[in-house]
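Asks: This is a predicted model, with the sequence first.
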Amino acid sequence: MIDKFKAKFVEESLDNVNDLEEALFALENDMQSKDLIERIFRAMHSLKGGGAMFGFNHLSDFTHHLENIFDKVRNNKLEVTPDLISLTFTAVDEIKFLLQKGDLTEKDDLDAYRAFMAKIQDFSESGGNIRAAATTAEVTPAVAEGENTYLISFVPREELLQNGTNPLFLLDDLHALGEGYSIVYTHKVPSFEPLEPESNYCLWQILLTTTESLNEIKDVFIFVEDECDLSVDEVCNGGFEINPDIKKLISNARNSNSLIKVSDLKILLKKEESAADEAERTEKEDKDQKKKKQFKEHKISSIRVASLKIDELVNLVSELVTVQAQLSVYAEKKGESDILALAENVQKLSRQLRDNAFEISLIPMQSELMRFQRLVRDLSKDLGKEIDFVIEGGDIELDKNIIEHLTDPLLHILRNSVDHGIEMPDERVAAGKSPKGNIYFKAYHAGANVLIEVTDDGKGINVDDIRKKAVAKGIIDDSAELSDKEILNLVFMSGFSTRESVSDVSGRGVGMDVVRKKISEIRGEVSIASEEGQGTTITLRLPLTLSIIDGLLVRVAKNQYVVPISSIEKIFALTKGQLKNSFNKVVVIDNEQIPYVDMRDVFKEEKAEVEVPQMILVKHADKRLGLLVDEVLGEYQTVVKPLGRYLKTHEVVSGASILGDGTISLVIDTNRVLQLSSSGKFKGKKKEEL
Amino acid sequence: MLENSYNTLLSFKVHDEFFALDAMRVNHILEVPEITRIPNTPDFMVGVLNLHGNIIPVVDLRLMMGFGNPDFTNDTAVVVINPEEQQDSSLGLIVDMVKEVVETEGLEIKPTVADKEESMLRNFHGTFSMDGQFVHIIDIEELVAAAEMWS
């Protein structure tokens, strides 16, 4: 039982750690942000509390000390420095480690842990001293949060004194609210003769700097409201200083028997506080408010569900869709209008349900992006390179299974960019670029696909080098004529790695060939473009979801197969003559020569004369190929199920789908057919047979 | 290999010999349903079947054991095993007849004398004698590895 809670705690803590990391990144860019420090502190605090509760004592201790540092930062006793941020980053790693291991038992781990702990304690103490001296000087002039200056004009009527009010007490009350400066006007006081001792002839203006609200100020005058004219105006943020300009304004007002005008005062005070400041301030406030809002909405609008449950839901929905298809078949066979109508309704509902369920299983890439950011940051620091890593489209959503499979290839691609792509700062300057390298990570929708582009502005790839290497490794023949694009694509061949020495960073046994393999496992594609000296772009094209496709049901010999409609360009009915006249497996359609394969060859079925053979024209990148099938049976929306591990490596079948009558039809991976056919695999077979 | 954790075995007939495997790994026993053949796979990989909406690959244990040209009779059955408790590791085995569930307690299990050259399975967990018949205990891991190896 407790284990269950522990698992939950670890899961939630990982979220906290993520949040912590995210905030740290932001803090690196904006070291003064109170909000971020607050957020970091909060995350640490929950880690500490939870850790103690669930028996992660080391974790709890560790975060306790870390929290101390940030407590100091929070209270302005410690400054945020790059050192502090780096330390905290490594601390985050330790936290992850501790979360994973629980309390440490092995000696090595413990030693490392203690050493780290000492480092943190050191930092919290020594770092604190340095700052303490610096702050006192710095903090005083700084504007305290939320302070404003108001101009209060208090013009009592003459009867004020008659109901026992002493205006001086009111002024005292005002001064109690904050820093005040009173200006008294006595020009209304008559000469001695007509002076009534029980009347009040004075009026006041008070400049008050306070954190209290406008209403709080007005409340001071609550009992004399009817006996005076009162106006309270905000004149500036922060405090004020009585400088000669203001004094002049005051004496001018006194001389002309009028009061200081709010607008005049505002202008004077504004001079002190530059306009830019104000703009920045309001902008910041806006941002803060937005952030708060986002945070709140986020909390309310999402719930945490175990991913297993979602898998189960998606599975159930898939089954429902299958059963519904059976129902439709049955209803059509029966032909009873009642059942037909029902079947139609069920179809509509299950389609909606299916769409919904699949949407649920989509998650934004954001969660993984943190790791990439971290990788780029750490790696560039290690290598002494300066890199700006810009992410665009982090909110794009993908099937979680896709995201799971995407992480490793992307990490590898980024590693390549940092290690091989971006040059050292001095090389960059010599090449006329800014010393700071750029890596753009961009994700966006394109039709039924999501594209991810990783672009760097590094040194690019030298096509000749690739070619030489490929020849040396025996991947291509020396005489082979290849376009630049084709040569670039050689990097995806297995056994290819352009660097002479395998560096610590890239080349950990994962080459671009593995990237391609992994991406194609999730029915995606990867392509590369590069210009020497300008940089390299790697593009991943991914399906939105793995499990559902629009398919075309076809028949080859006795078996039914599904061809994904997304890859189909056209369908033609051919005459027997067209095939007979075809030379070298090319047919002419609409004045275009199109190579084709007979699916009977692909599946090693017996040859047969088909009355009206159908040609399905499939397209992938810039290659086209006709697939010759016996019959096209119709369009079919279908749930693709995996074939399991025993058939995972099958060359042309990528999955199976269950038809309305419960039988299984195999899903043809047209990209694989294209690849195999261009490598001459099916043609070779044909020759043998002949 | 004899100190395995199982204590019940499912025994079945393949050709004219008897085999058994850990009953806890067996999920279903089916009559032979419609099986969709997958092109370009070895003969023993019979195809895939639809089990409650899941696609299960099926191998013919008789072919894997090296017994040739098998027929399907009324007794032929598919034993669906789940070697690693993961959906994608489910595997159907075609056997000639399912016999019974045997408690291992009190059984005298001796090392198996493997003698069949053509069999893809060579490592057995042991052999015991039941009703005057020898029953060989199949090593599920070897079976899975063999079924995976073709590609």
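Replies: Yep, it's here.
Asks: Give me the pLDDT for the closest residue in space to B:Asp60 that isn't next to it in sequence.
Replies: Of all residues not flanking B:Asp60 in the chain, B:Ile94 sits nearest, at 4.5 Å (C-beta to C-beta, 6 or more residues apart in numbering or on different chains). Every residue, glycine included, has its C-beta placed from N, CA and C. B:Ile94 carries a pLDDT value of 93.
Asks: Run a quick check on A:Leu674 versus A:Leu617, I expect a contact.
Replies: No: under the criterion of C-beta atoms under 8 Å, A:Leu674 makes no contact with A:Leu617, lying 11.3 Å away.
Asks: which neighbours do those two share?
Replies: Both A:Leu674 and A:Leu617 are in contact with A:Leu625, where contact means C-beta atoms under 8 Å, 6 or more residues apart in numbering or on different chains.
Asks: who has more neighbours, these two?
Replies: More neighbours surround A:Leu674 than the other of A:Leu674 and A:Leu617, with 21 against 18 (other C-beta atoms under 10 Å in any protein chain shown).
Asks: any idea how far that one lies from A:Val602?
Replies: For A:Leu674, the distance to A:Val602 (C-beta to C-beta, to the nearest Å) stands at 11 Å.
Asks: now A:Arg351
Replies: A:Arg351 is 32 Å from A:Val602, by C-beta to C-beta.
Asks: and A:Leu12, that's in a strand?
Replies: That one is not Leu; residue A:12 is Glu. No: judged by DSSP: H, G, I helix; E, B strand; the rest coil, A:Glu12 forms no part of a strand; its state is helix.
Asks: burial count for it?
Replies: By other C-beta under 10 Å, the residues close to A:Glu12 number 14.
Asks: all strands of chain B, in order?
Replies: Under the criterion DSSP state E, strands of chain B are mapped to B:8-14, B:17-22, B:26-31, B:45-51, B:54-60, B:77-81, B:91-95, B:97-103, B:124-130, B:133-138.
Asks: swap in the stretch 201-350 of chain A?
Replies: Secondary structure of the stretch 201-350 of chain A by DSSP state E, counting those that start in this stretch: the strands cover A:203-210, A:228-237.
Asks: Show me what the first one packs onto, helices and strands only.
Replies: Applying 3 or more C-beta pairs under 8 Å, 6 or more residues apart in numbering or on different chains; DSSP states H and E, we find strand A:203-210 packed against strand A:148-156, helix A:167-177, strand A:178-185, helix A:214-220.
Asks: Show the average pLDDT along it.
Replies: The average of the pLDDT scores along strand A:203-210 is 82.
Asks: again, but for the last one
Replies: Predicted confidence along strand A:228-237 averages 80 (mean pLDDT).
Asks: which strands and helices sit next to it?
Replies: Judged by 3+ C-beta pairs under 8 Å, 6+ apart, the packing partners of strand A:228-237 are strand A:148-156, helix A:214-220, helix A:262-272.
Asks: what angle do that strand and helix A:167-177 make?
Replies: On the basis of axes from the mean of the first three to the mean of the last three C-alpha atoms, to 10 degrees, strand A:228-237 is oriented at 20 degrees to helix A:167-177.
Asks: tell me how far strand A:228-237 is from the chain's mean position?
Replies: In terms of C-alpha atoms, centre = their mean, to the nearest Å, the centre of strand A:228-237 is found 46 Å from the chain centre.
Asks: Please point out which parts of it sit buried.
Replies: A:Cys228, A:Leu230, A:Val232, A:Val235, A:Cys236, A:Asn237 (16 or more other C-beta atoms under 10 Å in any protein chain shown).
Asks: then it to PDB, C-alphas only?
Replies: What follows is strand A:228-237, C-alpha atoms only, in PDB (Å, rounded to 0.1, in the frame of the first residue of the first chain):
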ATOM      1  CA  CYS A 228     -15.400  69.200   3.700                       C
ATOM      2  CA  ASP A 229     -14.400  69.000   0.100                       C
ATOM      3  CA  LEU A 230     -12.000  66.100  -0.200                       C
ATOM      4  CA  SER A 231     -10.100  64.800  -3.100                       C
ATOM      5  CA  VAL A 232      -7.500  62.100  -3.100                       C
ATOM      6  CA  ASP A 233      -5.400  61.600  -6.300                       C
ATOM      7  CA  GLU A 234      -2.600  59.300  -7.000                       C
ATOM      8  CA  VAL A 235       0.300  61.300  -8.300                       C
ATOM      9  CA  CYS A 236       3.000  58.800  -8.700                       C
ATOM     10  CA  ASN A 237       4.200  55.300  -7.900                       C
END
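Asks: shaky segments in chain B?
Replies: Scanning chain B for pLDDT under 70 picks out B:1-5, B:69, B:85-88, B:114-115, B:150-151.
Asks: mind running it again at 90?
Replies: For chain B, the stretches with pLDDT under 90 are B:1-7, B:15-17, B:24, B:32-34, B:37-44, B:50-55, B:63-75, B:82-90, B:103-134, B:138-151.
Asks: Which helix in it has the most residues?
Replies: Ranked by residue count, the top helix of chain B under DSSP state H comes out as helix B:140-148.
Asks: could you check the angle strand B:45-51 makes with it?
Replies: 110 degrees.
Asks: quick one: buried residues of helix B:140-148?
Replies: B:Ile140, B:Leu143, B:Val144, B:Ala146, B:Ala147, B:Glu148.
Asks: any weak-confidence spans in the stretch 451-600 of chain A?
Replies: Scanning the stretch 451-600 of chain A for pLDDT under 90 picks out the ranges A:451, A:456-536, A:541-551, A:556-560, A:563-600.
Asks: From one end of stretch A:637-652 to the other, what's the distance?
Replies: In stretch A:637-652, first residue to last residue: 20 Å (C-alpha to C-alpha, to the nearest Å).
Asks: pLDDT (mean, whole number) over it?
Replies: Averaged over stretch A:637-652, pLDDT sits at 75.
Asks: pLDDT below threshold where in the stretch 201-350 of chain A?
Replies: Scanning the stretch 201-350 of chain A for pLDDT under 90 picks out A:201-338, A:343-344, A:347-348, A:350.
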